[in-house]
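In: Using only what follows, build the 3D model:
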Amino acid sequence: MTRTTRREFLTAALLPAIGTAAAIPAAASIDDAIARIKPLFTKKKPPLAGDWLADHKEPGQTYAQFRASTPRPAIDLYSTLRIVPIGPFTEGQASVLEVVRDFLKPYFGLTLEFDAPVPLVQIPPNAQRRFDSWGGKQLLTSHLLNDVLMKRRRAKDAAVLGITAFDLWPGAGWNFVFGQASLTHRVGVWSMARNGDADGRSAMRSLCAFRTAQTAAHETGHMFGMRHCIAYECGMKGSNHAAERDRQPFEFCPECQPKLWWTLRLDPLARSQELENVSRKHGFEGLAGALSRQTTALRG
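Out: Model (predicted):
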């Protein structure tokens, strides 16, 4: 993993990373790509006690349902993803954010723009708390979404994505969330707090980066109108706890990937190849192997 200093990475002058969109895949091409990758994915297994679907009954969303409810591709309206760091970051945490950046580029194919970090002193006391059973500071997601991130949104932004090293909670009755997003307002926030020690040994930093990138992909998917998946073991499946999150794939399934291909005019094969390359760059060999099989299937 490439290291960078906190000053180099967390400034308003962060270099934008630019992704390009291919010509929109034809319906026949999308249908063919779906058929090619479908054998690589596992149908959703019954939830275990305490899993998301054991506590939340959801209808799911097929690709056909997504198309029927989406009047036009998002790429016709938006061209960027805006990243907003919230609170201070250590050097290790900044390196995790760099990995997230590398994955978001090919995952969604949009230009990434980074804002200057939001200082913790700008978060009011009623949007912070100490979580008694954990002991760490938590930030209130509703404040971050409505009072911080929506103010950063620009007309060209498909989504504004906040990331913080602090733990998150969404309000009364909840202990924590890994992240939260608004489908209608195009804002989302996620945390690396429960993903491992970003400043620890290399293996732990790598695990933290993997988990944080996985959450980032999931929450950003919501921003494009994607709902939780109940059809496959999929990166868009809801998670109640860390063990459940770690069981699910990083990549989206044959019902969810096509939503991105269509709404962002992504070439399925090129996207898979680029994600495979990023995975190898950062040493995620298991993910790289899965993506290599997907790339091979798409290449035919």
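
In: and G188, helix, strand or coil?
Out: Following DSSP: H, G, I helix; E, B strand; the rest coil, G188 is assigned to strand.

In: wait, doesn't it sit right on E219?
Out: Yes - if you go by CB atoms under 8 Å, G188 and E219 touch, sitting 4.3 Å apart. For glycine as for every other residue, the C-beta is placed from the backbone atoms N, C-alpha and C.

In: where exactly do the helices run in the stretch 151-300 of the chain?
Out: For the stretch 151-300 of the chain, the helices defined by DSSP state H, counting those that start in this stretch occupy 202-223, 242-247, 257-263, 268-281, 285-299.

In: Could you tell me the least trusted of the ones you listed?
Out: Of all the helices of the stretch 151-300 of the chain, the minimum mean pLDDT falls on helix 242-247 (a mean of 89).

In: next one: it to chain centre, how far?
Out: Average the C-alpha atoms of helix 242-247, do the same for its chain, and the two points are 15 Å apart (CA atoms, centre = their mean, to the nearest Å).

In: and that helix, what other elements does it pack with?
Out: With contacts defined as 3 or more CB pairs under 8 Å, 6 or more residues apart in numbering; DSSP states H and E, the packing partners of helix 242-247 are helix 202-223.

In: how much does the helix it packs on deviate in direction from helix 268-281?
Out: 150 degrees (axes from the mean of the first three to the mean of the last three CA atoms, to 10 degrees).

In: What is helix 202-223 packed up against?
Out: helix 91-108, strand 157-164, strand 179-182, strand 187-191, helix 242-247.

In: gap between the residue nearest to Y107 when sequence neighbours are not counted and L104?
Out: Spatial nearest neighbour of Y107, chain neighbours left out: A217 (5.4 Å); criterion: CB to CB, 6 or more residues apart in numbering. Between A217 and L104 the distance is 7 Å, computed by CB to CB, to the nearest Å.

In: Where does pLDDT dip in the chain?
Out: Applying pLDDT under 70 to the chain picks out residues 1-24, 27, 132-135.

In: Pull the contacting residues for F284.
Out: By CB atoms under 8 Å, 6 or more residues apart in numbering, the contact list for F284 reads 206, 210.
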